[in-house]
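Q: Sequence first, then the predicted structure, then my questions.
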Amino acid sequence: MRETLHLHQHLDGERFWADVEAQAAIGALETGGIRRLALDDADVAARLWLIDQAGPLGCTAFYDDLGNVFLRREGSEPELAPLLIGSHLDSQPNAGAYDGALGVVARLAVLRALHDAGAAHDRPVEVVAWTNEEGARFAPGASGSSWFAGTREREAIVAAEDDEGMPFGAALEHCLARLSASGAAHRPAPYRPHAFLELHIEQGPVLESLGCPVCVVTGIQGVTWYEVEVQGQANHAGTTPAAARQDAFMGAHRLIGALREAAETQDEALRFTIGKFRLWPDSVNTIADLARFTIDLRHPDPAVLDTLDKAFQRLAEEDWEGCRVTLGVSSRVAPVAFDAALLEALEASVASEWPEAPQIVSGAFHDAIHLARCCPTAMLFTPCRKGISHHPDEHIEKAEAVIATRALVRAVDRLLAS
Ligand SMILES: [Zn+2]
């Protein structure tokens, strides 16, 4: 391992925070927070802002066929795979200013530190802003990162439509034209990075409760989505005796109790959520003949998700108040455990800033879940107040964000020296 560049001494906290504020002004709402739906005017403006930062830092700006934007700081050996660091700039409809954007601006701070240090390094360093992480306008999210990592096809991504019927492909063409007009170079195809690092707000309460400004994220839990249908028989609410009923609501109610009991046999890392529930014919004096609900099931261990999957399927085969049950999987994303060597480098960097920092498994999706399928990947978290995000009240403390960014700078320094 070579000498590190002592890059953390070159992190300019004030400049970093000015960048955070400049990003927060793009798509700002009068009521606070921001609205930058994927590929809309504000989202494109946020990318153009990033491209504008390239020249003064001696970097080159690129964009690819999915509108992902890259700033590249050349290494003395340009043929080496770049160290890639990044996040996303799009937001939820009524969002805070830090989910995603903080990560991109923190990476920019890494480039500024490298520039100010006049640092020479063999391996190129690239900062990326991924397209449509949120999935709020075009579902599903993480479009740019999943295409880049080869886990989703471009054809399927561009076919998605927003609520107004605008295809992703048409919005993307408009965005690509503006990126091209900005002078950024077109680099159509993905490549395999040396490694990928992402800093993100925690979007949960753990770090704040510990008073800790930064921690290593060891992985992202897996999630399975189920759609459940309980089929009964509609009949008169007043005249049908208990023994003759096939009440879809009562069947669903008892089934949900049993599903939840099965889920509670697992450890406390398990997340079991029923977020949608509907009844038909939805009439006050008719026994429901159909109930439909969803299950969102999450855990870091694939074996736990597998065990529960089998238990749920067995329960679906039982009789529930005389109703028939179908339980189907609508989406399955396996858990990701981040790269051990990369985690070690991040752990050492975090320990230099905050020796008592915990390790966390992410409960939410991030672009990193896809990148982990194509290169060594790991993440850092920094706290947000009360764990609130996807809301204008999302808030981070400048001092904590600077410490987290300095941990990221140290990690990049360490990886460039190895
Ligand atoms: Zn995010």
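A: Cool, got the structure. Numbers count the residues shown, from 1 in each chain.
Q: which residues sit in contact with the residue of the stretch 301-418 of the chain found nearest the ion?
A: Taking CB to the ion as the measure, the stretch 301-418 of the chain has His366 as its residue closest to the ion, at 6.1 Å. Bear in mind the C-beta positions are built from the backbone N, C-alpha and C, glycine included. Contact analysis of His366 by CB atoms under 8 Å, 6 or more residues apart in numbering lists Ser87, Glu133, Ala142, Glu198, His200, Ile220, Met379.
Q: Return the subset of these lying in strands.
A: Residues of those located in strands (DSSP state E): Ser87, Glu198, His200, Ile220, Met379.
Q: what's the closest of those to the ion?
A: Of the ones in strands among the contacts of His366, the one sitting nearest to the ion (CB to the ion) turns out to be His200, at 5.7 Å.
Q: I figured that closest one hits Gly100, correct?
A: Yes. Using CB atoms under 8 Å, His200 makes contact with Gly100 at a distance of 7.4 Å.
Q: Nearest residue to Val402 in space, ignoring adjacent ones along the chain?
A: In space, and not counting its chain neighbours, Val402 is closest to Gly13: 4.2 Å by CB to CB, 6 or more residues apart in numbering.
Q: Phi and psi next, for the one you found.
A: phi -60, psi -40 (degrees, to the nearest 10).
Q: try the one 3 residues further on
A: Main-chain dihedrals, Phe16, degrees, to the nearest 10: phi -60, psi -40.
Q: For the residue nearest to the spatial centre of the chain, which three-state class applies?
A: The chain has His366 as the residue nearest its centroid, 2.2 Å off, counting by CA atoms, centre = their mean. Following DSSP: H, G, I helix; E, B strand; the rest coil, we place His366 in the coil state.
Q: how far away is it from Ile274?
A: 24 Å (CB to CB, to the nearest Å).
Q: do the same with Leu210
A: Using CB to CB, one gets 30 Å for the distance from Leu210 to Ile274.
Q: what pLDDT does Leu102 get?
A: Leu102 carries a pLDDT value of 93.
Q: Now for it, how many residues are close by?
A: 27 (other CB atoms under 10 Å).
Q: what's the residue of the stretch 301-418 of the chain closest to the ion sitting at in phi/psi?
A: phi -150, psi 170.
Q: Same question for the one 10 residues further on.
A: For Pro376, the backbone dihedrals (degrees, to the nearest 10) come out as phi -60, psi 130.
Q: Name the nearest residue to it, ignoring sequence neighbours.
A: That would be Asp339: by CB to CB, 6+ apart, it lies 3.6 Å from Pro376.
Q: quick one: the one you found from Glu400, how far?
A: 26 Å.
Q: and if you look at Ser389?
A: Distance, Ser389 to Glu400, by CB to CB: 15 Å.
Q: try Gly219
A: Gly219 sits 23 Å away from Glu400, going by CB to CB.
Q: Please say which of the two ends up with more neighbours.
A: Shown here are Gly219 and Glu400; by other CB under 10 Å, Gly219 has more neighbours (23 against 19).
Q: same for the helix or strand where Ser145 lies, what does it pack against?
A: Applying DSSP states H and E as the criterion places Ser145 in helix 143-148. Contacts defined by 3 or more CB pairs under 8 Å, 6 or more residues apart in numbering; DSSP states H and E place helix 143-148 against strand 125-130, helix 154-158, helix 368-371.
Q: partner strands of the longest one, parallel or antiparallel?
A: Spelled out, that is strand 125-130. Applying DSSP bridges to the sheet, strand 125-130 is found paired with strand 69-73 (antiparallel), strand 83-88 (parallel).
Q: what does the first one rub up against?
A: The one in question is strand 69-73. Applying CB under 8 Å, 6+ apart, the contact partners of strand 69-73 are 47, 50-51, 53-54, 57-64, 82, 108, 111, 114-115, 124-129, 179, 184, 187.
Q: Please, a ChimeraX command that selects the buried ones among those residues?
A: For the buried members of the contacts of strand 69-73, the matching ChimeraX selection, counting by 16 or more other CB atoms under 10 Å, is:
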select :47,50,51,53,54,57,59,60,61,62,63,64,82,108,111,114,124,125,126,127,128,129,179,184,187
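Q: Give me the subset of the contacts of strand 69-73 lying in strands.
A: Per DSSP E, the contacts of strand 69-73 map to strands at Thr60, Ala61, Phe62, Tyr63, Val125, Glu126, Val127, Val128, Ala129.
Q: and which of those is nearest the ion?
A: Distance to the ion across these (CB to the ion) is lowest for Ala129, with 11.5 Å.
Q: which residues does that closest one form a beta bridge with?
A: Val69, Ser87.
Q: which residues of the stretch 51-200 of the chain fall in helices?
A: 101-116, 143-148, 154-158, 168-181 (DSSP state H, counting those that start in this stretch).
Q: ranking the ones you listed by burial, who's on top?
A: Comparing those by mean neighbour count (mean count of other CB atoms under 10 Å), helix 143-148 comes out on top with a mean of 28.
Q: that older thread, winner for burial among the strands paired with strand 125-130?
A: For those, the highest mean count by mean count of other CB under 10 Å goes to strand 83-88, at a mean of 27.
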